[in-house]
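*Asks:* Kindly generate the corresponding structure for this input.
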Amino acid sequence: FIVHHSPMNILVPLKPILDPAGFTVNRRAQQVFVNREAWITNPADRCALEAALQLAESGGAHITVAAAGGEPADFALREGLALGAQRAIRLDLPGHDEAVLARALAKLAARLGDLDLILLGNAGLDSGGNQVGPRLAEELGWPFVGRARSLRATGSGVAAVQRRAGEWQEVETALPAVITFSARALQPRLPNGGKLFTAFSRADAVIALSAADLGLSDADLTPALALAGRVFPPEREPGRRREGTLAEMAAGLAADLRRTL
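*Replies:* A predicted model of the protein is given here:
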């Protein structure tokens, strides 16, 4: 007889970030200057989406992409549809941190139901924050695998390759599970031209859900962190060029090093 396996249901949260090529940091003025406001999808999240697309190609999967925010999130979601996702959901949340986003994604997961995997980037390129994945797994009570480099389906779940203590190892987990991916873990594909046109031309391509739609309480929407201020690193000091014989330059360098200790 033939056994028919149901395709996986995968949720891939995406984070829109300002393109680093469009802004500069002035350490002396203690300010960030946005020269060109262009948005891109967080690279680690693109790797997570690529892993979901590869699972879909190998064994079938229904992929939902989700993002929080306004117009930048809408762009990331439409790009996700052009890459191969079947559904896009925008979470219209007030000002939020990683804790609030994790709670919102947990509510979304419950609303969608029958999810097998949640794949997302391990950290945001803009903030370096890496709490959404672990917090989300804790909210759901699901197994968590961090900083995966690749993913494959097994008979009873999935197996992820990750690097720990300088060694590569494969970790297998049952489903459902939350798995995060490192930036540059995979080579994300480019969107299909025809799908790109369709995704950006359809007014109804993105589903919008509010905090009320997700059933988020005031406590759920309370950030765990508060911005106390910004501290910029000191200006870079230009190096000094030493001249003389090799022995003289080595002695001078050794003296400089001793002074810094």
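*Asks:* Could I get the full set of helices for the chain?
*Replies:* Listed in chain order, the helices of the chain (DSSP state H) span 43-59, 71-83, 98-112, 132-140, 193-201, 211-214, 246-260.
*Asks:* got any ranges where the stretch 1-150 of the chain has weak pLDDT?
*Replies:* The stretch 1-150 of the chain contains residues with pLDDT under 70 at 1-5.
*Asks:* For Pro234, which of the helices of the chain is the nearest?
*Replies:* Ranking those by their distance to Pro234 (criterion: Cβ to Cβ) puts helix 246-260 first, at 14.4 Å. In this view, the C-beta of every residue, glycine as well, is placed from N, C-alpha and C.
*Asks:* So what touches the closest one?
*Replies:* Outside helix 246-260, the residues that touch it by Cβ atoms under 8 Å, 6 or more residues apart in numbering are Arg242, Glu243, Gly244.
*Asks:* Identify the bridge partners of the residue nearest to Gly146 when sequence neighbours are not counted.
*Replies:* The spatially closest residue to Gly146, leaving aside those adjacent along the chain, is Thr180, at 5.1 Å (Cβ to Cβ, 6 or more residues apart in numbering). According to DSSP bridges, the partner residues bridging Thr180 are Leu120.
*Asks:* tally of neighbours for Thr180?
*Replies:* Burial of Thr180 is recorded as 28 neighbouring residues (other Cβ atoms under 10 Å).
*Asks:* Report the contact partners of it.
*Replies:* 44, 48, 119-122, 130, 133, 144-148.
*Asks:* The closest residue to Glu37 other than its chain neighbours and Asp45: what is the separation?
*Replies:* Nearest non-adjacent residue to Glu37, counting by Cβ to Cβ, 6+ apart: Gly22, 6.3 Å away. Relative to Asp45, Gly22 is positioned 19 Å away (Cβ to Cβ, to the nearest Å).
*Asks:* ditto for Val171
*Replies:* Per Cβ to Cβ, Val171 is found 21 Å from Asp45.
*Asks:* Gly215 and Lys107 touch, don't they?
*Replies:* Yes - here Gly215 lies in contact with Lys107, judged by Cβ atoms under 8 Å, at a distance of 5.8 Å.
*Asks:* So between these two, which is more surrounded?
*Replies:* Neighbours were counted for Gly215 and for Lys107 using other Cβ under 10 Å; Lys107 has more, 19 against 11.
*Asks:* which residues does the residue sitting nearest the centre point of the chain contact?
*Replies:* Among the residues of the chain, Gly121 comes closest to the average C-alpha position under Cα atoms, centre = their mean, at 2.9 Å. With contacts defined as Cβ under 8 Å, 6+ apart, Gly121 is in contact with Lys15, Asn42, Pro43, Ala44, Asp45, Arg46, Cys47, Ala48, Thr180, Phe181, Ser182, Ala183.
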